[in-house]
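Undergrad: Here is my input, please return the structure:
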Amino acid sequence: MARAASSSSGKPKRAPSKKPAAEPAANTREGGEKFALRSLQESFEKDRRFPADEAQLLHFYEQMLLIRRFEEKAGQLYGLGLIGGFCHLYIGQEAVAVGLQSALEEGKDSVITGYRDHGHMLAYGIDPKIIMAELTGRHAGISKGKGGSMHMFSTEHAFYGGHGIVGAQVPLGGGLALAHQYRDDGGLCLVYFGDGAANQGQVYETFNMASLWKLPIVFAVENNQYAMGTSVKRSSAETEFYRRGTAFRIPGMKADGMDVLQVHRAGEIAFDYVRGGNGPVLIELSTYRYRGHSMSDPAKYRTREEVQEVREHHDPIEGIKADLLKAGVAEEKLKDIDKQIRATVAAAADFAESSPEPEPAELYTDVLVGSY
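TA: Model prediction:
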């Protein structure tokens, strides 16, 4: 075996170091296609908030307030035993679903999410009555009472769940995006997942395929800081989740998930990029849930003072309310809207409580897609 040459001092000589080749001025794919990971974020930074008019501000306010009041009522019904199993409330995160889904094209795009899904369905304009009926396991529910809180579904509205396995919706979202691409229908898939699911391997397998095939998909990380109960600082080596697509050459964006106008603006930029045939985008929405992970979680891993600070200074509904007051909308009008929404939610709860449960024969329906 050849030995390394030695100097007179007995130490092995090192081969002369070669100067590394100069990096290209721009990161490029094969063929010279320019690729800038930060280009979308830079566009967003130039104009961070959507310039909503009064009617749009009111629409955002009404949608977020509907989600808040609906979830508060769902929490009450769970406490009364009318909602069984698991129940994950969206209180605090309303600006994410409303901001992003208001930038989608109805009838063209599809949405898929995890098990904290009530708010996303409401943001899609689905009737609160059939959502509440689903939560309470009634036949009038959107999944005939068989999906419950975690597995709501509506092909009519291109809303594909509602998935209980952490991160499972991400590869399914990749499949929905592939279907959009195959049909050439101009649609895209918006797939939500949380900071906890961001560490799942199936997420990165989907990133890789989506980038290779330039799928029309937007990955939205709802970073509510605590996953199921562990701070991101303790569970994630990279806490800036919008950077997670870098290895797959997926441009990333980060927006304040407590500001519906920022979220909407970020969604516009991402959706335009994807519709241009450029492949996927990863958006991180920094948000916060006020309740525990589920109704059975006392959330002792954070202080009351921390939650109260977010409520008082960063609440998404209070933020849009301040924009409305600044635009000259009377506070009495906003109070009237709140009263109307409370009445709508109360009616949804009454409808759910008075609706019949599924017949036992429903156990055998919708088990398979077709007959065999």
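Undergrad: how much space between Ile142 and Pro316?
TA: 25 Å (Cβ to Cβ, to the nearest Å). Using the backbone N, CA and C atoms, a C-beta is placed for each residue, glycine as well.
Undergrad: Kindly state the beta-bridge partners for the residue most central in space within the chain.
TA: The chain has Tyr192 as the residue nearest its centroid, 3.3 Å off, counting by Cα atoms, centre = their mean. In this entry, Tyr192 is beta-bridged to Ala220, by DSSP bridges.
Undergrad: So for Ile142 and Pro316, which residue has more residues nearby?
TA: Between Ile142 and Pro316, counting by other Cβ atoms under 10 Å, Pro316 is the more crowded of the two (28 against 23).
Undergrad: Quick check: nearest residue in space to that one, chain neighbours excluded?
TA: Ala95 (3.7 Å; Cβ to Cβ, 6 or more residues apart in numbering).
Undergrad: distance of the one you found from Pro356?
TA: On the measure of Cβ to Cβ, Ala95 and Pro356 end up 36 Å apart.
Undergrad: which one of these two has more residues nearby?
TA: Ala95 (30 against 10).
Undergrad: Now do the SS call for the more buried one.
TA: helix (DSSP: H, G, I helix; E, B strand; the rest coil).
Undergrad: State whether Thr344 and Leu66 are indeed in contact, as I suppose.
TA: Yes. Thr344 lies in contact with Leu66 (Cβ atoms under 8 Å); the separation is 7.0 Å.
Undergrad: okay, and the common contacts of these two?
TA: Pro128 (Cβ atoms under 8 Å, 6 or more residues apart in numbering).
Undergrad: Comparing those two, which residue is more hemmed in?
TA: Using other Cβ under 10 Å as the criterion, Thr344 and Leu66 rank with Leu66 on top: 23 against 17.
Undergrad: Identify the nearest residue to that one in space, disregarding sequence-adjacent positions?
TA: Using Cβ to Cβ, 6+ apart, the nearest residue to Leu66 is Ile341, at 5.2 Å.
Undergrad: So which residues make contact with the helix or strand where the one you found lies?
TA: Per DSSP states H and E: Ile341 is located in helix 331-354. Contacts to helix 331-354, defined as Cβ under 8 Å, 6+ apart, come from residues 58, 61-62, 65-66, 69-70, 72-73, 77, 82, 128-129, 131-133, 135-136, 138, 140-141, 321, 324-325.
Undergrad: Over to stretch 167-175?
TA: 112-114, 160-161, 163, 189-193, 197, 200, 202-203, 205-206, 209-210, 215, 217, 219.
Undergrad: I'd like the average pLDDT over the helix holding Ile341.
TA: In this model, helix 331-354 carries a mean pLDDT of 97.
Undergrad: List the buried residues of that helix.
TA: When burial is assessed from 16 or more other Cβ atoms under 10 Å, helix 331-354 yields the following buried residues: Leu334, Ile337, Asp338, Ile341, Thr344, Val345, Ala348, Ala349, Phe351, Ala352.
Undergrad: Reformat those as a markdown table; add distance to His88.
TA: Shown next, in a markdown table, are the buried residues of helix 331-354 (distance: Cβ to Cβ, whole Å):
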| residue | distance to His88 |
| --- | --- |
| Leu334 | 28 |
| Ile337 | 26 |
| Asp338 | 24 |
| Ile341 | 21 |
| Thr344 | 22 |
| Val345 | 18 |
| Ala348 | 18 |
| Ala349 | 18 |
| Phe351 | 22 |
| Ala352 | 18 |
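Undergrad: What is the nearest of these to Gln181?
TA: Ranked by distance to Gln181 (Cβ to Cβ), those are led by Ala348 at 36.9 Å.
Undergrad: Tell me how far the closest one lies from Leu66.
TA: For Ala348 relative to Leu66 (Cβ to Cβ), the value is 10 Å.
Undergrad: I'd say Gly186 and Ser110 touch.
TA: No. The pair Gly186 / Ser110 is not scored as a contact, 12.0 Å apart, by Cβ under 8 Å.
Undergrad: Looking at those two, which is more packed in?
TA: With neighbours defined as other Cβ under 10 Å, Gly186 and Ser110 compare such that Ser110 has more, 23 against 11.
Undergrad: The residue lying closest to the more buried one once chain neighbours are set aside: how many residues sit nearby?
TA: Distances taken as Cβ to Cβ, 6+ apart place Ala158 nearest to Ser110, at 4.2 Å, with adjacent residues excluded. Ala158 has 20 neighbouring residues, counting by other Cβ under 10 Å.
Undergrad: and Ala158, what are its phi and psi?
TA: phi 60, psi 40 (degrees, to the nearest 10).
Undergrad: Over to Leu190?
TA: Torsion angles, degrees, to the nearest 10, at Leu190: phi -100, psi 120.
Undergrad: Please tell me how far it sits from Ala168.
TA: 16 Å.
Undergrad: before we move on, what about Glu318?
TA: Taking Cβ to Cβ, one finds Glu318 at 34 Å from Ala168.
Undergrad: the more surrounded of those two?
TA: Counting neighbours by other Cβ under 10 Å for Glu318 and for Ala168 shows that Ala168 has the greater number, 18 against 12.
Undergrad: surely Glu105 meets Gly187?
TA: Yes. Contact criterion Cβ under 8 Å: Glu105 and Gly187 qualify, at 7.3 Å.
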